[in-house]
Each structure stands twice: as C-alpha cells, then as structure tokens.
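> only the shape, not the letters, is given here:
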C-alpha cells in the first residue's frame, strides 16, 4: 500500500490550489454579497482553465481531455472544493455522462463541451421526484420519429449558464419485483428549443451565486437523434454517472474542511484569553484533534474509493460511504470552527459562516445521507439474501 502521491499528482494539486487561491478567492466575497457571477468573470476563469490544460481534465486525451484517472481527478476536485462553487463551476468539468454521445452528437455536444465551447447541465430532480428517480412525472411521449416532452424539473444547478441540458424523462413502464416502475430515457435539449423554458429557481442559503433553476417543458418536440444512450435505459445511465458525482461531493467536502481547519488552527494558537492561547485549553485543543482526525479519515475514504475505480474494483458502497461521511464531517468541522472563533466566526469578515451554510446542502444533493445509508446497508446485506 502506497499512500504517497506521484510527482505529477503533487504538481497537479499545487497548480490547482494556486489557481483557486489566485483566481477564485479574490472574488468570493463579492459573489457572496451579490449572489451573481458577472459573465465576463466566468468567461475569464474558463479561459484561464483552458490555457492551463485542465478543462475537462477527466475526459480521454483522444477527444481533447487531459485523461486524468479517477484518483488524480478526485485530487483536482478536492482542491476546487476550497473555493466558491459559483466560481469553480467555470473551471470546467462537463458531465461524464456525455461520453454516451454517439455519431453526430459527439460533434454537437461532447467535443464542444470538452473544448469549453458549450456548457451542459443535468436535469433529473422534480418537485415530486428527488430521491425516487423512477417516480418522475416529466414524460416524453413518442410521436413517430420524435418525442414530445412535457413536465417540470427543479433544483437544476447552473442551468442559467448552460447551453444545453441533459434531461431525464419517463418514456414507459415496466413490471419489476418491486412493482410497476417507470422506464427512463435521457435527452439532449438545446437552450432555445421551442417549448423549453429556463426560469429562475429558489433563493438558497447554500452556495450563493451557484444558481438552481426551474425547467419547464411544454410540448417540447425532440427528434430521436436527441436521445442520449438508449431509449428506456436512462436510469442505468444516470446511476453510472452518479458514482462520479458522489465522489466529487466527498472530495469537495474534504477540500472545504481543510480550508476551514487552516483558518481555525492558527487562530487557536494566536488568540489569547485569560493570559494564554485558547488552543492551550483542552476545550479547544480537543476540538482541533477531532477535526483533523475526521478530515483525514474522510480524505482517505474518498481517495480509496477513487483508487478502487481505477483498479476496476466495484466501489458503489465505498463511494456512498465517502459521500456520506465527508458531507457529515464537513458539517461538524465548520460548526466546531465557528465555536473556536466565537462570535467572530459568524461575522461576514470571515468566510466561516459561508462554509457553515454551504455545508448543509452537501448532505442532500447527489443522494441524501439516507440514500447513501440505504446503498451501504443493501450492499452489506445482499450476500445474506436480506
């Protein structure tokens, strides 16, 4: 077992960290205050990322990506987690699901997304279908060689800056051992397609400036050529893609927690009360000990899951464990950091309150903590027939 990083990985980590500190940190307070990322700023971040050679870095080299393996890409995501998500979204991580593009779709969607010319968004969640993907009410009815799409999606991240969306809709039903379930199909839908409207979403306390949107589809006609993957196989496609997104959530939580810890540790060593540093008191020093232990544990769990993917070892349970533990760890670490800073921890002069608020959504999106526990327990019990 070798827990060290290669020289190349060390260089990648340092390069991305430097980028986040110089290109992301300076704009965070303004984005937090206004809730807006100016378009020219987003374009500038994207351009600089492309110049660095990191745009779509997890995609294969033969289509223009950097060809990073899962472990190295997870290290990249960990460093990006230190910065505001509203800004790091422009660093360029197209949805891995686009690798399912075939034929002309590659020229219209996959390759432009890899080059940074087009931005995608993923549309799964609905007002009545969050964790229960098969319960979605957005329906695509076949009409000759076309599909007619009707329904609503919400909580769709960064759809406001996307050029096209990957939409999942019910296209039929099937009998399963758990009863009748909907068949799901994925579609590529361009902004501006008749019958497709992108509306402002909800104001969120988490990740300000990283907007969620509401998507309405009203008799939106799509040719069969817009189907991504196979008809009725969208559920399998989504599950395959969600492995990567959950690993991303785990990695970004670790990165954010390390940034929080890097603020709390020197403060505990320098801040004095009753004539000595507050870190000299076990009430504070033990908090630091618990925080770093949990951060390191989440980090190792996340990197281990990524390593298993690279080794071709099934890692569904390990990824769920990493997402579950890292997201809940971040909540505890941010809360303890604020406790160490006292009242100042809640002031806008420091980013701790922002991290604290941002941490809350990590236990919900890309699969709630309850869903992760379901995946983990099901994997454990399946060999026993339970």
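Perfect, I can see it now. Since we're looking at a predicted model, the values are computed, not measured.
> and the protein, what are its domain boundaries?
For the chain, the structural domains run 7-102, 120-228, 237-384, going by the TED database.
> what's the offset of the first one from the middle of its chain?
What that stands for is domain 7-102. Centroid displacement of domain 7-102 relative to its chain, using Cα atoms, centre = their mean, to the nearest Å, is 12 Å.
> need the distance between the two termini of that domain.
One end of domain 7-102 sits 36 Å from the other (Cα to Cα, to the nearest Å).
> stretch 274-292 now?
The separation between the terminal residues of stretch 274-292, taken as Cα to Cα, is 26 Å.
> flag every buried residue along it.
When burial is assessed from 16 or more other Cβ atoms under 10 Å, stretch 274-292 yields the following buried residues: 278, 279, 284, 287, 288, 291, 292. Every C-beta, even on glycine, is put in place using the N, C-alpha and C of the backbone.
> including secondary structure, distance to residue 91 and pLDDT, could the residues you listed go into TSV?
Formatted as TSV, those follow (DSSP: H, G, I helix; E, B strand; the rest coil; distance: Cβ to Cβ, whole Å; pLDDT from 0 to 100):
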residue	secondary structure	distance to residue 91	pLDDT
278	helix	36	97
279	helix	35	97
284	helix	35	97
287	helix	32	98
288	helix	30	98
291	helix	27	98
292	helix	27	98
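> which stretches in the stretch 201-350 of the chain count as helices?
234-270, 282-310, 316-341 (DSSP state H, counting those that start in this stretch).
> so which elements touch the shortest one?
Think helix 316-341. Contacts of helix 316-341 with other secondary structure elements, assessed using 3 or more Cβ pairs under 8 Å, 6 or more residues apart in numbering; DSSP states H and E, are made with helix 234-270, helix 282-310, helix 352-361, helix 369-381.
> what's in contact with the shortest one?
Taking contacts as Cβ atoms under 8 Å, 6 or more residues apart in numbering, the residues outside helix 352-361 that touch it are 28, 32, 85, 204-208, 253, 256, 259-260, 263, 327, 330-331, 334-335, 337-338, 341, 345-347.
> same question for that helix, mean pLDDT?
For helix 352-361, the mean per-residue pLDDT is 96.
> report the inter-axis angle for that helix versus helix 316-341.
Helix 352-361 and helix 316-341 meet at an angle of 150 degrees, taking axes from the mean of the first three to the mean of the last three Cα atoms, to 10 degrees as the criterion.
> circling back to that earlier point, need the helices of the stretch 201-350 of the chain in TSV (columns: distance to residue 143).
Below are those laid out as TSV (distance: least, Cβ to Cβ, whole Å):
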stretch	distance to residue 143
helix 234-270	18
helix 282-310	40
helix 316-341	37
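> hang on, the earlier thing: as TSV, the helices and strands packed on helix 316-341 with distance to residue 130 would be great.
Rendered in TSV, the data for the helices and strands packed on helix 316-341 read as follows (distance: least, Cβ to Cβ, whole Å):
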stretch	distance to residue 130
helix 234-270	13
helix 282-310	24
helix 352-361	13
helix 369-381	9
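> residue 107: which of the ones you listed is closest?
Nearest to residue 107 among those is helix 234-270 (20.2 Å), distances taken as Cβ to Cβ.
> and the domains of the chain as CSV, adding distance to residue 113?
Listed next are these as CSV, based on distance: least, Cβ to Cβ, whole Å:
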stretch, distance to residue 113
domain 7-102, 4
domain 120-228, 6
domain 237-384, 14
